[in-house]
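Asks: What would the 3D arrangement of this be:
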Amino acid sequence: MAPGRSCPLHYRYPTAALARAPDLRVETLYVVGGLYGNRQALATALSLAAAEQPRATLVFNGDFNWFNVDDAGFAAVNGEVLRHAAMRGNVETELASDDGSAGCGCGYPDWVDDAEVERSNRIIGELRTTARRFPALRSQLASLPMHLVADVGGLRVAIVHGDAESLAGWNFSQEALAGPDATARLSGYFDRANARVFACSHTCLPVVTDCETQQGRCVLVNNGAAGMPNFSGTAYGLITRIAATACSSAQALYGTRLGPLYIDALPLHYSQALWLDEFRADWPPGTPAHESYFRRVVNGPAYSTDQALRWRVSLPDVARPTAANTRGARNG
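Replies: Alright, predicted model coming up:
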């Protein structure tokens, strides 16, 4: 299998490993997936967390590195992220390793074209060169876990990078969740993990869905990317907020309720002008990141909030969120 499409054995774990005692017990959890080296988005996430009462606990669930190929950006992003709870994504796993046989380690499925895969392999190669100048940070990245479990408001939240079986798995992607067997597979994951919520990223586009399990209704939330736009015509990232207290309805892009928990997608309105300056400085036209990502960084992907919302459980007299700045007051 070509580098970038392979999923190394050491990326895999049994879903039942997530059924352990919680690693964290928090009141308000921010899951920041796919920061991709965007220092402006990082500053916004820190500011939002500090404004919470009490302060929100941040979990950076992988791929917080990617575009930060300059030494200053690499040191700044990792220096701050590693002060918080963090997990390694495929990017951090590959940066900590000298074995380049997996390429970027993205585990790209067949629907991603070969040119995209090849450019990602070139990006990780350049980023690995930068990382080698920071041996202490590489050592810290290597020691990060592949998943975490949090207790929020008495409910168990499994935090992964990819999916319930692999660091670079795509079973929680919006494409896979549209498949005919997705509900049965998802229900099995929740029960084996003994979790009511899965929070993930990795696949770059957000999606939120629910299903009935032996435990009752459960929710999967994929925040897409904190460091890039997630919807057409937008210029902000997205993170997941899970808490026992509500946030402002004007603050949440969309969300739902699960028993005592509020589960919301929060936009990161970072400085687009500063971010574009940083991106262009590191990745000018003709470079692999510019070819693959610049259009999305400027205009967002061809994807909408309606496409991200995949509610499956039908509850009477409950509104379903369908647009920005709305929340379905759903209970389960």
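Asks: If we ignore the residues flanking it in sequence, what's nearest residue 38?
Replies: Using CB to CB, 6 or more residues apart in numbering and skipping residues adjacent in sequence, the residue nearest residue 38 is residue 227, 3.3 Å away. The C-beta positions use only the backbone N, C-alpha and C, and glycine is treated the same way.
Asks: A strand includes the one you found, no?
Replies: No. Using DSSP: H, G, I helix; E, B strand; the rest coil, the assignment for residue 227 is coil, not a strand.
Asks: and it, how far is that from residue 260?
Replies: Residue 227 is 30 Å from residue 260, where distance means CB to CB, to the nearest Å.
Asks: Among these two, which residue is more densely surrounded?
Replies: Between residue 227 and residue 260, residue 227 has the larger neighbour count (other CB atoms under 10 Å), namely 29 against 13.
Asks: On the pLDDT front, check the closest residue to residue 55 other than its chain neighbours for me.
Replies: Spatial nearest neighbour of residue 55, chain neighbours left out: residue 49 (6.0 Å); criterion: CB to CB, 6+ apart. Looking at residue 49, its pLDDT stands at 97.
Asks: Mind checking what secondary structure residue 49 has?
Replies: Reduced to three states by three-state DSSP, residue 49 is helix.
Asks: residues near it, how many?
Replies: The number of residues near residue 49, taken as other CB under 10 Å, comes to 19.
Asks: didn't it look like it was pressed against residue 56?
Replies: Yes. Contact criterion CB atoms under 8 Å: residue 49 and residue 56 qualify, at 4.0 Å.
Asks: anything in contact with each of these two?
Replies: Here residue 49 and residue 56 have residue 30 as joint contacts, going by CB atoms under 8 Å, 6 or more residues apart in numbering.
Asks: following the longest helix seen in the chain, which helix or strand shows up next?
Replies: Across the chain, the longest stretch assigned as helix under DSSP state H is helix 114-131. Sequence order places helix 135-142 as the next helix or strand after helix 114-131, per DSSP states H and E.
Asks: ok but residue 208 is inside a strand, no?
Replies: Yes. Assignment of residue 208 by three-state DSSP places it within a strand.
Asks: What does the pLDDT read for residue 318?
Replies: 36.
Asks: and residue 30, what does it touch?
Replies: 45, 48, 49, 56, 57, 58, 59, 239, 240, 241, 266.
Asks: and these, which of them are in strands?
Replies: Using DSSP state E, the subset of the contacts of residue 30 located in strands is 57, 58, 59, 239, 240, 241, 266.
Asks: ok, so of these, who is nearest residue 100?
Replies: Closest to residue 100 out of the ones in strands among the contacts of residue 30 is residue 59 (28.1 Å), distances taken as CB to CB.
Asks: Next one: the closest one relative to residue 264, how far apart?
Replies: 15 Å.
Asks: Please apply the same query to residue 48.
Replies: 11 Å.
Asks: Looking at the two, which is more packed in?
Replies: Neighbour totals were compared for residue 48 and residue 264, and residue 264 leads with 25 against 21 (other CB under 10 Å).
Asks: now the helices: where do they sit in the stretch 51-200 of the chain?
Replies: 71-81, 90-95, 114-131, 135-142, 182-193 (DSSP state H, counting those that start in this stretch).
Asks: Deepest in the core, which of these is it.
Replies: Among these, ranked by average contacts under mean count of other CB atoms under 10 Å, first place goes to helix 90-95 (a mean of 27).
Asks: Can you pull out the low-pLDDT segments for this protein?
Replies: For the chain, the stretches with pLDDT under 70 are 1, 249-250, 314-332.
Asks: run the last query once more with 80
Replies: For the chain, the stretches with pLDDT under 80 are 1-2, 4-7, 248-250, 314-332.
Asks: In it, what residue spans correspond to strands?
Replies: Going by DSSP E, the chain shows strands at 24-26, 28-32, 57-61, 85-87, 147-152, 155-160, 197-200, 207-213, 216-222, 237-243, 254-258, 261-268, 309-310.
Asks: what residues does the first one touch?
Replies: It refers to strand 24-26. 56, 57, 59, 85, 148, 149, 150, 151, 152.
Asks: strands paired with that strand, and their directions?
Replies: Strand 24-26 has the following sheet partners, assigned by DSSP bridges: strand 147-152 (parallel).
Asks: ditto for the third one
Replies: Based on DSSP bridges, the strands next to strand 57-61 in the sheet, each with its direction, are strand 28-32 (parallel), strand 85-87 (parallel).
Asks: which residues does the closest residue to residue 246 other than its chain neighbours bridge with?
Replies: Nearest residue to residue 246, sequence neighbours excluded (CB to CB, 6+ apart): residue 262, at 5.1 Å. Taking DSSP bridges as the rule, residue 262 bridges to residue 243, residue 257.
Asks: so how many other residues sit close to residue 262?
Replies: 21.
Asks: what comes up buried for stretch 54-66?
Replies: 56, 57, 58, 59, 60, 61, 62, 63, 64, 65, 66 (16 or more other CB atoms under 10 Å).
Asks: show me what contacts the residue lying closest to residue 133 once chain neighbours are set aside?
Replies: Nearest residue to residue 133 in three dimensions, chain neighbours excluded: residue 71, at 6.4 Å (CB to CB, 6+ apart). By CB under 8 Å, 6+ apart, the residues touching residue 71 are 130, 133, 134.
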